[in-house]
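A.B. asks: structure of the sequence below:
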Amino acid sequence: MSILKRIHSPADLKRLSPSQFPPLCQEIREEILGAVSSVGGHLASNLGVVELTVALHYLLDTPTDKIVWDTSNQAYTHKLLTGRREQFHTLRQYGGLSGFCKREESVYDTFNAGHAGTGVSAAFGMVEAREQLGQRHKVVCVVGDGAMTAGMTLEGLHHAGGLGKDFLVILNDNQMSISKNVGAISAYLSRTITGEFYGKVREETGQLLRKIPHIGPDMQKLARRAEELAKGAILPGLLFEELGFQYSGPIDGHNFEHLLPTLENVLKMKGPVLLHVITKKGLGYEPAMKNPVWFHACPPFVRETGAPAKKAARPSYTQFAMDTLVKLAREDKRVVAITAAMCEGTGLTAFEKEFPDRLYDVGIAEQHAVTFAAGLATQGLKPVVAMYATFLQRAYDQVVHDVATQNLPVVFAIDRGGLVAEDGTTHHGAFDYAYLRHVPNMTVMAPKDENELQHMMKTALQHEGPISVRYPRGVSLGVKMDPVPTALPIGKGELVKDGTDVAIIAIGVSVWQAVQAAERLSQEGVSTAVVNARFAKPLDQELIVGLARRVRYVVTVEEGCKMGGFGSAVLEALSDAGVTGATTKVLGLPDWYIEQGPQDLLRERYGLTAEGIYQSVKELLGKAPVQADRFNDGRLVHHLPHGDEQGS
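C.D. replies: As a prediction, this is how the structure comes out:
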């Protein structure tokens, strides 16, 4: 009988013999592969952390003892061992299990996280809460080596090491974050593990032991201890010891003979302890081991080959944006690109290949990325910060303080703006219109399609000040591309379709949905205009206010939060201009965190499809009071909801 099927909680795991753990881990990997190949998800990191997760739940008394998973996209085994196996096939699906830890989902999930670097700070908060409440349970934080580049991780280690409370941090070291790790800390960890000096010491120690005749178990144990001490002298123990942590490791994270006794020992130690565990991303699945970057967060794939289950019909918006950047960089040697551990995700691999000296991967350090870009800009370079909308949130103060106050020409290429589907709550790009448009000196753009995107990239690089261009996740529309990118006039929108009854003012991917809705309304006798705003800031006041003065209804549409977003900007403009005759409605994302689910389904749920816009306008027309007006000849007419006029 399957071992995994007998485990409904960690209590069932404790009834097993450690000799059963290797076959259990194989079953777990099969379960993860089956689900992720079907629905997509984070594969490589989860295959690498199976043994460590089993060992932790075996030795700890969860949920009384707390495990905090930094980023938490590597918590699939944790979910399988904590009563969610039967729902595992719903992973990342609408209404299903989250791809990350979620406190609302299970008492075993101690902290919600989808961004790296939060784990140590959150876990140490739990440590201090335990002390304040007089409790005695253990707190363990599992943090990847990629997150060691995050400033918050180092801040948390500094604080925890200084206060000296019982706290175990496990450094899950697989030499990867999403892209290959970069920077001095990564190089240090890698150098100390693979360095020739340590290898030579280990080899010579083994040769010496083999020359000693009749060496007994006690001497072997003493020799191994001596090797550990020597290793600690040249490995990264010194770094963590200086931060106030007792260092142990590195150990093989896939070998239970090493993992279980070491974990058992460090869990008994007092004060802050850091256990360094070496794991392999994608272990147990050859394609994921060969290509851990693609299998970090992959779409559904053919399990036998590792190939994508289906090929995208058209290039993505990301590809168009970065292909344009490469073209423009050929023309201007001052153009440089910056990413925060997301070279592949943001589409910068082609840029890196052609301009390796002009691509900067700063690691998981969004704040540094933005201020670094500001420094580059002060010296005449043209930095482009390519970052997901959800991750740019982490560098908000740097955008305000370091870029905008100095009016520096930094381009923010904001990928994954709007709804991003299965990654859910922590990853939707819902807030960038709102948190950027109120920053002085900032220009905020979003294209209606890939052709306009290439023109906006050109516009951004010519602009003398901070500017953002936001584009969505997913495939492009397949529109005809102009041969050459051309700069757009700043703050000028586009009247896509004129009308006299209703004006739908949309931005970004919502524009073509608005066009379809307008065409249907016009067929029903409601003369409907559509504006492609292009700019959330500065707005095309002349176009928008002028149109609002001659229609009865103004509807704004955006794939972003309604509160403080693009629609709010339009309402502010109408208020400033004294436009009071038009009835207004703002369509966008509501004031709560949006759940996971396919983009089309979420757009339908929140009324951002052509059908949703159409229905919202019809509802507005139906609820609006009958308005009286007069023709020049003095006849009183009533404006009826369907747009006809009847004299009286």
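A.B. asks: please tell me how far the helix or strand hosting E559 is from the chain's geometric centre.
C.D. replies: If you go by DSSP states H and E, E559 is part of strand 553-561. Distance of strand 553-561 from its chain centroid, counting by C-alpha atoms, centre = their mean, to the nearest Å, is 25 Å.
A.B. asks: now the residue lying closest to G612 once chain neighbours are set aside: which helix or strand?
C.D. replies: Among residues not flanking G612 along the chain, E604 sits closest, at 6.5 Å (C-beta to C-beta, 6 or more residues apart in numbering). C-beta: built from backbone N, CA, C; applies to glycine. Assessed by DSSP H and E, E604 sits inside helix 599-605.
A.B. asks: after that helix, next one along is what?
C.D. replies: helix 610-623.
A.B. asks: report all helices and strands that that following helix contacts.
C.D. replies: strand 502-506, helix 510-523, strand 553-561, strand 583-589, helix 599-605 (3 or more C-beta pairs under 8 Å, 6 or more residues apart in numbering; DSSP states H and E).
A.B. asks: tell me the SS of the nearest residue to L359 once chain neighbours are set aside?
C.D. replies: Nearest non-adjacent residue to L359, counting by C-beta to C-beta, 6+ apart: E352, 4.3 Å away. Three-state call for E352 (DSSP: H, G, I helix; E, B strand; the rest coil): helix.
A.B. asks: what do you get for F320?
C.D. replies: helix.
A.B. asks: that one is in contact with S476, isn't it?
C.D. replies: Yes - contact status for F320 versus S476: in contact at 6.0 Å, counting by C-beta atoms under 8 Å.
A.B. asks: now G164: how far from M126?
C.D. replies: Taking C-beta to C-beta, to the nearest Å as the measure, G164 falls 16 Å from M126.
A.B. asks: same drill for these two, tell me which one is more crowded.
C.D. replies: Counted by other C-beta atoms under 10 Å, G164 and M126 do not tie: M126 has more neighbours, with 19 against 12.
A.B. asks: isn't that one right up against D65?
C.D. replies: No - under the criterion of C-beta under 8 Å, M126 makes no contact with D65, lying 10.4 Å away.
A.B. asks: dump the residue contacts of L539.
C.D. replies: Residues in contact with L539 (C-beta atoms under 8 Å, 6 or more residues apart in numbering) are 491, 493, 533, 569-570, 573.
A.B. asks: let's go with 7 Å and repeat that
C.D. replies: Applying C-beta atoms under 7 Å, 6 or more residues apart in numbering to L539 gives the contacts 491, 533, 569-570, 573.
A.B. asks: tell me which element it is part of?
C.D. replies: Short version, using DSSP H and E: L539 is in no helix or strand.
A.B. asks: and it, how close does it get to G491?
C.D. replies: 7 Å.
A.B. asks: likewise V293?
C.D. replies: For V293, the distance to G491 - C-beta to C-beta - is 39 Å.
A.B. asks: cool, and L453?
C.D. replies: L453 is 18 Å from G491, by C-beta to C-beta.
A.B. asks: neighbour count for these two, which is higher?
C.D. replies: L453 (26 against 17).
A.B. asks: out of the contacts of L539, give me the one that has the most neighbours.
C.D. replies: Most crowded among these, counting by other C-beta under 10 Å, is A533 at 29 neighbours.
A.B. asks: wait, that residue sits on K492?
C.D. replies: No - counting by C-beta atoms under 7 Å, A533 stays clear of K492, with 9.7 Å between them.
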